[in-house]
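**Q** here is my input, please return the structure:
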Amino acid sequence: MFEKSWPQMSTTEAHARLTAPGAPFEIEEKVIRGVPTYTWKNAPATLRDVFLNGMRFKDREFLVYEDDRATFDGFGRATLTLAHRLLADGVSKGDRVALIMRNLPEWPVAFWAGQLVGAIVTPLNAWWTGPELAYGLADSGAKIAIVDAERLTRLNEFVDSLPALENVYAARLDESQPHSKVRRLKDVIGPVNAWADLPALALPDVALEPEDDATILYTSGTTGKPKGALGTHRNMTSNIATSGIAAARNLVRQGEGLPELDSVMSSQRVSLLVVPMFHATGLSATLSPALNSGGKLILMRRWETEPAMRLIEQEHVSHTGGVPTIAWQLIEHPAREQYNLSSLTTFTYGGAPCAPELVRKITEAFPNSISGYGWGMTETTATFTSHLGRDYQHRAESAGPAAPVGEMEIRDPIDGSTVRPTGAVGELWVKGPQVVKGYWNNPVATEETFQNGWLRTGDLARIDEEGYLFIVDRAKDMLIRGGENVYCLEVESALYEHPDVMDAAVVGLPHKTLGEEPAAVVHLRPEGKATEAELRAWVAGRLAAFKVPVVIAVWNELLPRNASGKVMKDELKKTFAGRADQV
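**A** Now for the predicted structure:
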């Protein structure tokens, strides 16, 4: 597959070529909030510019969901129609518009409608329970919520307790709701297949700048309470070039020329989007680049492997991924040979621990494809480091180098300032145009995490001599299950609320496809009689399903702790050493 000697140039040389003056990924320095920061000179200035770029592809299909199909033109008309309704509702620049639904065609319409009127769009985790969603709405002070029918059912009992919430628009709602705040979204924008018949309205006359607030994406911290990462337009649009340069770097290091970079002239990229759009990966690294470059997004109600293979064959999908789980399940499904999956050319993923053997398995199963892996977090608006193709094969345990606009340092985890030498393990700090401003209404957490443009990630890592990042562990007490963050303290707190529980700890167990799964160890009070099933049901009634421990062991003694009083979780993991689904 690779006939030329590799690499033809170093990563540093490739970046220099791709970012030089006049090059497609040219870099310029801007002062952002008083901090000199490298930025992409040719990136769209705001999310409105991303929307306008998408309107160049008028007759191309953009969104496909079951029997619904929307062109870029239809999407644009629906978005502008909803934007004008938001203006009529009194939404003004800086107001929060919450977005809570599964991956439906209405999701990007709602997102860009909010952006076009200058709102801070606040996507909430559609897997959250009613109380969790109510917290997000209250904390953000959302004026409008755009939801689907399922989320509305969870929220109904909380609507009256949210005084800032003035209107709720519900997608896929068959009947009108008796609550005066709730309206059917379909009554505003109509059904998906009729969006092209909506009138062509003008863009709202709202001044937007790259450093204006654009999004609040919630992520939990060590306190267990979700924190809203406040992102700007520049944060969001930076990911378009960040994603593109990884592919370009792979080509030039192989000695090949760049592909056609004018999206109007190039063939359409068709992506099967199986990660939620409320995640930074789904929104910033997938949805926004697709709109900007005229890509097509195939949506699924939920991930199921064989229906996904059917869609790949029918829609000639060229790209999928998101988390390693997706690739593993496609590779190992017994019916894979029954489907023509030859259109697949790219698998990219991150968001969960990844077995190095996965890149080899993908190459064996899909010999015409390349795979890629990267690292990022909500606070970096998704992708910060990434690599694919031969780069990834050469360093399968690495998350790749930072994009040229990004800077990384490995610092002493204790003092947070001493920079450690190349190859040494320490805490990862990052800086760049992708790093968000801070946490919404949380100055204490902001001060702890964001310092002079640098983000303290909480991840333990090392960087090799060529600038490639290797994640070693997470300093924060968190595990990742199939791309979903599970914060141990939050689950432990739910267990502690049970009257029978005296002591509790949550650990991550390795899982071949999901990366990790939560497991718990509890010590009951002397009179306690709670069973494993009862405790799992207890947590399920309080937290989203992906946070519920897959197994809970009951210990007859207090959990082991070190001299400082911290639970020795490595000892607890030995309790589950014999589980058959570990790899």
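
**Q** show me where the stretch 351-500 of the chain has its helices.
**A** Using DSSP state H, counting those that start in this stretch, the helices of the stretch 351-500 of the chain run over residues 357-365, 390-394, 443-449, 488-496.

**Q** closest to Tyr468 out of the ones you listed?
**A** The closest approach between Tyr468 and any of the helices of the stretch 351-500 of the chain, judged by C-beta to C-beta, belongs to helix 390-394 at 8.4 Å. (C-beta placed from N, C-alpha, C; glycine too.)

**Q** show me what contacts Thr242?
**A** Listed by C-beta atoms under 8 Å, 6 or more residues apart in numbering, the contact partners of Thr242 are Trp40, Thr383, Phe384, Ser386, Ala403, Val405, Gly406, Gln434.

**Q** mind checking the SS state of it?
**A** Secondary structure assignment for Thr242 (DSSP: H, G, I helix; E, B strand; the rest coil): helix.

**Q** quick one: low-confidence ranges for the stretch 51-200 of the chain?
**A** Along the stretch 51-200 of the chain, the parts satisfying pLDDT under 70 run over 178.

**Q** mind giving me the domain split of this structure?
**A** Recorded structural domains for the chain (assignment: automatic domain parsing) are 11-44+231-474, 47-208, 478-576.

**Q** JSON lines for the ones you listed, including distance to Ala214?
**A** Shown next, in JSON lines, are those (distance: least, C-beta to C-beta, whole Å):
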{"stretch": "domain 11-44+231-474", "distance to Ala214": "5"}
{"stretch": "domain 47-208", "distance to Ala214": "6"}
{"stretch": "domain 478-576", "distance to Ala214": "22"}
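
**Q** nearest to Leu217, of these?
**A** Nearest to Leu217, of all the domains of the chain, is domain 11-44+231-474, at 5.1 Å by C-beta to C-beta.

**Q** mean confidence for the closest one?
**A** Confidence over domain 11-44+231-474 (mean pLDDT, whole number) is 93.

**Q** please compute how far that domain lies from its chain's middle.
**A** 10 Å (C-alpha atoms, centre = their mean, to the nearest Å).

**Q** now swap in stretch 534-546 and tell me
**A** Here the centre of mass of C-alpha atoms in stretch 534-546, compared against the chain's by C-alpha atoms, centre = their mean, lies 24 Å away.

**Q** in it, what counts as buried?
**A** Under the neighbour-count criterion of 16 or more other C-beta atoms under 10 Å, stretch 534-546 has Leu535, Arg536, Trp538, Val539, Arg542, Leu543, Ala544, Phe546 buried.

**Q** who touches that stretch?
**A** Under the contact criterion C-beta under 8 Å, 6+ apart, stretch 534-546 has outside partners 125, 127-129, 131-132, 481-482, 484, 486, 490-491, 494-495, 497-498, 501, 520, 522, 530, 547-549, 552.

**Q** 7 Å - rerun?
**A** By C-beta atoms under 7 Å, 6 or more residues apart in numbering, the residues outside stretch 534-546 that reach it are 127-129, 132, 481, 484, 486, 490-491, 494-495, 498, 522, 548-549, 552.

**Q** which of the residues you listed fall in strands?
**A** The members of the contacts of stretch 534-546 that map onto strands under DSSP state E are Arg481, Glu484, Val486, Val522, Ile552.

**Q** sort out which one of those residues lies nearest His319 for me.
**A** The shortest gap between His319 and any of the ones in strands among the contacts of stretch 534-546 belongs to Glu484, at 21.6 Å (C-beta to C-beta).

**Q** in the sheet, which residues pair with that closest one? Tell me.
**A** Counting by DSSP bridges, Glu484 is bridged to Arg481.

**Q** just to revisit the earlier point, which stretch among the helices of the stretch 351-500 of the chain comes nearest Pro36?
**A** For Pro36, the closest of the helices of the stretch 351-500 of the chain is helix 443-449, at 20.2 Å, according to C-beta to C-beta.

**Q** using PDB, list the CA coordinates for that closest one.
**A** The C-alpha trace of helix 443-449 is given here as PDB (Å, rounded to 0.1, in the frame of the first residue of the first chain):
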ATOM      1  CA  PRO A 443     -15.200  31.500  38.700                       C
ATOM      2  CA  VAL A 444     -13.500  29.100  41.200                       C
ATOM      3  CA  ALA A 445     -13.300  26.200  38.800                       C
ATOM      4  CA  THR A 446     -12.300  28.500  36.000                       C
ATOM      5  CA  GLU A 447      -9.400  29.900  38.000                       C
ATOM      6  CA  GLU A 448      -8.300  26.400  39.000                       C
ATOM      7  CA  THR A 449      -8.300  25.000  35.400                       C
END
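
**Q** what comes into contact with that helix?
**A** Helix 443-449 is contacted by residues Gly221, Lys227, Gly438, Tyr439, Leu455, Arg456 when judged by C-beta under 7 Å, 6+ apart.

**Q** also stretch 146-166?
**A** Taking contacts as C-beta under 7 Å, 6+ apart, the residues outside stretch 146-166 that touch it are 89, 97, 99-102, 104, 110, 126, 129-130, 133-134, 137-138, 141-145, 168-173, 179, 181-182, 185.

**Q** list the buried residues of that stretch.
**A** When neighbours are counted by 16+ other C-beta under 10 Å, the buried residues of stretch 146-166 are found to be 146-152, 154-155, 158-159, 162, 165.

**Q** repeat that for stretch 408-420.
**A** Going by neighbour count (16+ other C-beta under 10 Å), the buried part of stretch 408-420 is Met408, Glu409, Ile410, Arg411, Pro413, Arg420.

**Q** how much space between the first one and Glu106?
**A** This means Met408. When distance is defined by C-beta to C-beta, to the nearest Å, Met408 is 38 Å away from Glu106.

**Q** what's the helix or strand for the residue nearest to Gln338 when sequence neighbours are not counted?
**A** Here the nearest residue to Gln338 in space, its sequence neighbours aside, is Met309; by C-beta to C-beta, 6 or more residues apart in numbering that works out to 8.0 Å. Take DSSP states H and E as the rule and Met309 turns out to sit in helix 305-315.

**Q** if anything else comes up later, I'll come back, but that's it for now.
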